[in-house]
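> Got a predicted structure plus its sequence, pasted below:
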Amino acid sequence: MSKLENAIPGYQHLVIEPYTPNIGAVVHDIDLAEIDAESVRAELRRALVEFQVLFFRNQNLTPEQHIAFAKVFGDPDKAKAFFPRHEIHNVIEVLEAKPGGNRFGTDQWHTDITFVANPPTGTVLYSRIAPPSGGDTAWASGTAVYESLPPALRVYLEELEAIHSFEHSGWPPYFERLPDGEAVYRQARADHPPVVHPVIRTHPVTGKKIVYVSPNFTDRIKGLPRQESDALLAFLFARFQRPEFQARLRWEENTVAVWDNRATVHYAVTDYGDQHRLLHRVTFGEDKAF
Ligand code: SIN
């Protein structure tokens, strides 16, 4: 293991460099294709809940190794979005933006797939082709947002639940551009009626409180008049936009990002025009928010 002056102490196997004070870390000197030792795998799980999003540069993974890495954290065969799948490995979603091609509607803050009762625990995103500039991804910490709120507001929010819905999502333009998009969209809406999650959830490992709403999937707060719900959600969504609570990754080819989907929202910055961008995505685990 190399020496790094600001490496986090207390990890025996990982060289971890904080990315920002509130969220994110880079893990150095690790080959994700070969992490068989349970001691290393346990530290990776610990680091993920501690830092909420981890970045690994210069990784060369086959699709099988990408899936094996996701299995360190959870079962990859759970809830998926509506993106194209890898031709051989169905659990890999292929996010490919080509000149003139479709876009994925991920340029809104969201926690993955909260329109289902048990959203994924996390996601491993692996860049195969990165634009020379642009196409970053940003994550924001729901824990940091919660901790920034006035105590009286925290108490009020902890009593509330929110409706999350597929229909509310920013996906219609994505479906409209698919050859059979109208039928797929209709079926997806029928398959995914709205669900209810707490507005403030508790992390099952750290016990920390997390603001658990996002503009892409949270439609409204249960029991509040629409205007009050919209105003309260707008206030919370604005907090996620504070750069202090964010980590923004400049992708290079062969970078891996893994995030704790229970504690974060993320945003794919769609500023790269017609440049080619290709990522492979594996969501893992499932989780009932409480
Ligand atoms: C996602 O929302 O999972 C995709 C993020 C990205 O394309 O940067």
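Everything's here; your move. What you see is a predicted model, and the numbers here were worked out from it, not measured in a lab.

> Run through the residues of the stretch 51-200 of the chain sitting next to the ligand.
With C-beta under 6 Å from any ligand atom as the criterion, the stretch 51-200 of the chain comes near the ligand at residues L95, T106, D112, T123, T137. The way it works is simple: take the backbone N, C-alpha and C, and place the C-beta from them, glycine included.

> Show the end-to-end separation of stretch 82-95, please.
Using C-alpha to C-alpha, to the nearest Å, one end of stretch 82-95 lies 11 Å from the other.

> Give me the distance between it and the centre of its chain.
Distance of stretch 82-95 from its chain centroid, counting by C-alpha atoms, centre = their mean, to the nearest Å, is 17 Å.

> List the buried residues in that stretch.
Judged by neighbour count (16 or more other C-beta atoms under 10 Å), stretch 82-95 contains these buried residues: F82, F83, H86, H89, V91, I92, E93, L95.

> hmm, back to that, for the residues of the stretch 51-200 of the chain next to the ligand, point out the one with the lowest pLDDT.
Ranked by pLDDT, these bottom out at T106, which has 92.

> Go ahead and confirm that residue touches R277.
No: counting by C-beta atoms under 8 Å, T106 stays clear of R277, with 11.3 Å between them.

> what sits in contact with each of the two?
Residues touching both T106 and R277 (C-beta atoms under 8 Å, 6 or more residues apart in numbering): L95.

> could you say what helices and strands the helix or strand of the chain with the lowest mean pLDDT packs with?
In the chain, no helix or strand scores lower on mean pLDDT, DSSP states H and E than helix 172-176, which sits at a mean of 86. Counting contacts by 3 or more C-beta pairs under 8 Å, 6 or more residues apart in numbering; DSSP states H and E, helix 172-176 packs against helix 181-191.

> by contact count, what packs against the following helix or strand past the helix it packs on?
As assigned by DSSP states H and E, the chain's next helix or strand after helix 181-191 is strand 195-198. Counting contacts by 3+ C-beta pairs under 8 Å, 6+ apart, strand 195-198 packs against strand 161-164.

> Partner strands of the strand it packs on and their direction?
Applying DSSP bridges to the sheet, strand 161-164 is found paired with strand 195-198 (antiparallel), strand 218-221 (antiparallel).

> Other residues contacting it?
114-115, 194-199, 212-213, 217-223, 233.

> Likewise for stretch 121-129?
Under the criterion C-beta under 8 Å, 6+ apart, residues 48, 59, 61, 66, 69-70, 73-74, 112, 137, 251-262, 276-287 lie in contact with stretch 121-129.

> Cross those against helices and list the overlap.
Under the assignment DSSP state H, the contacts of stretch 121-129 contribute L48, H66, F69, A70 to helices.

> tell me the contacts of the spatially closest residue to the first one that is not a sequence neighbour?
Translated: L48. Nearest residue to L48 in three dimensions, chain neighbours excluded: D260, at 5.4 Å (C-beta to C-beta, 6 or more residues apart in numbering). Contact analysis of D260 by C-beta under 8 Å, 6+ apart lists L48, V49, Q52, V53, T121, G122.

> now do 6 Å
Residues in contact with D260, defined by C-beta atoms under 6 Å, 6 or more residues apart in numbering, are L48, V49, Q52, G122.

> what does Y212 give?
Contacts for Y212 (C-beta under 6 Å, 6+ apart) come out as H197, R201, A289.

> Can you turn the buried part of the residues you listed into a ChimeraX selection?
Those of those that count as buried under 16+ other C-beta under 10 Å are selected in ChimeraX with:
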select :197,201,289
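
> In CSV, list the contacts of Y212 along with pLDDT and distance to D29.
Output for these, formatted as CSV (pLDDT from 0 to 100; distance: C-beta to C-beta, whole Å):
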residue, pLDDT, distance to D29
H197, 98, 38
R201, 98, 34
A289, 96, 35
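
> Closest to R154 out of the contacts of Y212?
Nearest to R154 out of those is R201 (C-beta to C-beta; 12.7 Å).

> C-terminal to the host helix or strand of that closest one, which secondary structure element comes first?
Using DSSP H and E, the element containing R201 is strand 200-202. Toward the C-terminus, strand 200-202 is succeeded by strand 209-211 as the next helix or strand (DSSP H and E).

> Which residues does that following strand contact?
G142, T143, V145, Y146, I200, R201, T202, H203, L236, A263.

> in the sheet, who's paired with the residue nearest to L48?
Beta-bridge partners for D260, by DSSP bridges, are G122.

> For it, give me the pLDDT.
Reported pLDDT at D260 in the predicted model: 98.

> likewise the one 3 residues further on?
At A263 the predicted local confidence, pLDDT, stands at 98.
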